[in-house]
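*Asks:* coords please:
(one chain, ligands or ions: 1)
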Amino acid sequence: MSASTTQLEQYNTKREELIKSDRALRRDHEVASLSAVEIEADQIIRKIRAEEANSIWNLDYPSIPHPFPGMEFLTGREIIVKTKLFKILTKMPKGGLLHAHLDGTVNVSVLLRLALKHRAIHVRTPESLTTQNIKTVLPQFCALPEKEFSKNALGLTETTYQPDSWVPIQVAREQFHPELGGPEGFDRWVTKALTIDPSEAYGTHNTSTKIWLKFGSTFLVGGGLVRYAPIIEEYIKEFFLTSIEDGISYVEPRINFMYKDIIAADGTPVPQRELVAIFDRVIAEVKEEMKQRGREGEFIGARIIYSTVRFCTNEELEWYLNDCIALKKEFPHLIAGFDLVGHEDALHPLIYYAESLLRFPQMQKEAGVDIPFIFHAGETLGDGTVADMNLYDAILMGTKRIGHGFSLVKHPKLMEICKERDIAVEVCPISNEILRLTSSMCTHPLPVLLNNGIHVALCSDDPSVFGNMGLTFDYFQVLAASELTGLIQLGEMAKDSIKYSTLETSAKEEALELWQRQWQKFVEYVVEAGRSGSV
Ligand SMILES: O=c1[nH]cnc2c1ncn2[C@@H]1O[C@H](CO)[C@@H](O)[C@H]1O
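*Replies:* Numbers count the residues shown, from 1 in each chain. I've put the predicted structure just below:
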């Protein structure tokens, strides 16, 4: 009896040692001194997670037959918002948002409201809309100059509608045929064109190739609205303000400069430097507003990762690289990096652009500026495909961070390099799942990165298309789908989102101090709520 106890004790000691050494690389393992409040808050979260796995996630929902924590976001969303865990996470300070495409950041109902305010906004379709074709015909939007305003008093659903003729957006909405739902039917039609719904992600478009066709089309539809200067100004403001409300204190969005111009208030095209100037103005405005509300410290600011789409030619890329440098010279505090965006599996890999991209550092030197590459790479299911191999090129070209890096876990050597060179990964859990790289959060490779000690910032990517506004939903999915990850690990990722941002050293320190103060308040709130059961 006692001999076997000793054997068991020895076994348990060995077991603990093995577990400890396996987890030694994790960032939450590294945290030297946790306060008593942090430890208690972490325990409370774990307890609520375990309780809700057995209660909320174990119920039968008529519309959701097989719910589970970490399940497909578009189906599980309505359950997620009912959980205590979600309510708590809405209050968590998230640090910076390091991976989001600007034109995919604002709730589409807000965008539609903004569009309806402007008489310049027109809409057209290649054929008159009917109950037969409404599911497949997409709206095309454009801001027109006053002299081209349409006098069309009849809408897109009239049998006499002239294909591809512009209709003022308000007319199109008001005249939307009752059989197609009237004005609300118009709103639903536009909303469907700008978002991905569960029947698409998990039904009609259930492969990464198919869902990218739908995904890409949402940006084409939205582009006609978001390129209009008066809309973009309010859009950016809404993005900042809603981010702040979700506990995000800094944003570093990618802006797609592919079009080379935006549409000014009078409906004429102007160079895209105007967009950067607007971005600058809105930062100042939001800072001032926050100050007036006595919440000055909650918004550190925003910077732009200059991007273009990986279907341009090498010649065109040279133009964008030069444009990026020119904008950096004019707005040194705003241009934070350079990237190429778009579907990696289908478009040009980094190696296709190697010659120009390799020249970029020299071009910067001559211009006296510093613009790091912050590349998308490895957003793919491939194993040795060109998209997967973008990871080698991103690293060789000195990327500061890796956008997505979904296939990074297939490459132990590259993971080692990420650790050595301190390359953080911008992980977008919900985006990866909706774009069909993983069937649920439970099979997402994030734990492999975390268990290897790689720095990670959680990001939302395109929340207007996916419905994961802010960062709370992505934090929720990560927390719900791993027993190992608790509040401390979430806090480490939030801190890393500041540490691996492109903020200057002093701004970074300021942001980290702000975060630490917010975190202290947050863990106190969790403990208080946990003890009183008042979540
Ligand atoms: O997850 C992503 N990976 C790569 N490109 C993306 C992703 N999300 C959006 N875009 C791209 O960004 C542009 C809009 O700003 C679009 O070209 C869209 O395809």
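*Asks:* which parts of the stretch 101-250 of the chain sit against the ligand?
*Replies:* Residues of the stretch 101-250 of the chain found near the ligand (CB under 6 Å from any ligand atom) are 101, 103, 104, 216, 219. Backbone N, C-alpha and C define where each C-beta goes, glycine included.
*Asks:* what about the residue lying closest to residue 360 once chain neighbours are set aside, distance to the ligand?
*Replies:* Using CB to CB, 6 or more residues apart in numbering and skipping the chain neighbours, the partner closest in space to residue 360 is residue 321 (5.5 Å). As judged by CB to the nearest ligand atom, to the nearest Å, residue 321 and the ligand stand 18 Å apart.
*Asks:* apart from its chain neighbours, what residue comes closest to residue 256?
*Replies:* In space, residue 256 is closest to residue 307, 5.3 Å off (CB to CB, 6+ apart).
*Asks:* and that neighbour, what element?
*Replies:* strand 304-309 (DSSP states H and E).
*Asks:* residues making contact with the next helix or strand after that strand?
*Replies:* Remark: after strand 304-309, the chain's next helix or strand is helix 314-330, criterion DSSP H and E. Defining contact as CB atoms under 8 Å, 6 or more residues apart in numbering, one finds that helix 314-330 is touched by 257, 260, 272-273, 276, 306, 308, 312, 334-335, 338, 352-353, 355-357, 359-360, 363-364, 367, 369, 371.
*Asks:* helix 314-330 vs strand 304-309, what angle?
*Replies:* Put simply, helix 314-330 runs at 170 degrees to strand 304-309, going by axes from the mean of the first three to the mean of the last three CA atoms, to 10 degrees.
*Asks:* convert the C-alpha atoms of helix 314-330 to CSV, please.
*Replies:* What follows is helix 314-330, C-alpha atoms only, in CSV (Å, rounded to 0.1, in the frame of the first residue of the first chain):
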residue,chain,number,x,y,z
ASN,A,314,5.1,44.9,-60.7
GLU,A,315,5.0,48.2,-62.5
GLU,A,316,1.9,49.2,-60.6
LEU,A,317,3.5,48.1,-57.4
GLU,A,318,6.4,50.5,-58.0
TRP,A,319,3.8,53.3,-58.2
TYR,A,320,2.3,52.2,-54.9
LEU,A,321,5.7,51.9,-53.2
ASN,A,322,6.6,55.5,-54.3
ASP,A,323,3.1,56.7,-53.3
CYS,A,324,3.5,55.1,-49.9
ILE,A,325,6.9,56.9,-49.4
ALA,A,326,5.4,60.2,-50.5
LEU,A,327,2.6,59.9,-48.0
LYS,A,328,5.0,58.8,-45.3
LYS,A,329,7.0,62.0,-46.0
GLU,A,330,3.8,64.1,-45.7
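*Asks:* oh, and call the first residue 24 from now on, that's how I've got it
*Replies:* Yes, from this point I'll number from 24; that puts the last item at helix 337-353.
*Asks:* list the buried residues in it.
*Replies:* For helix 337-353, burial by neighbour count (16 or more other CB atoms under 10 Å) applies to 340, 341, 343, 344, 346, 347, 348, 350, 351.
*Asks:* from residue 199, how far out is the residue nearest to residue 383?
*Replies:* Separation of residue 344 from residue 199 (CB to CB, to the nearest Å) stands at 44 Å.
*Asks:* ok, residue 409 - contacts?
*Replies:* Residues counted as contacts of residue 409 (CB under 8 Å, 6+ apart) are 367, 372, 374.
*Asks:* name the member of the residues you listed with the most neighbours.
*Replies:* Counting neighbours by other CB atoms under 10 Å, residue 367 comes out on top of the contacts of residue 409 with 28 neighbours.
*Asks:* so that one, which state does it fall into?
*Replies:* coil (DSSP: H, G, I helix; E, B strand; the rest coil).
*Asks:* centroid residue for the protein?
*Replies:* residue 484 (1.9 Å; CA atoms, centre = their mean).
*Asks:* flag every buried residue along stretch 410-425.
*Replies:* Going by neighbour count (16+ other CB under 10 Å), the buried part of stretch 410-425 is 410-418, 420, 422-425.
*Asks:* so where is the chain shaky, pLDDT-wise?
*Replies:* For the chain, residues meeting the criterion pLDDT under 70 lie at 24-26, 53-55.
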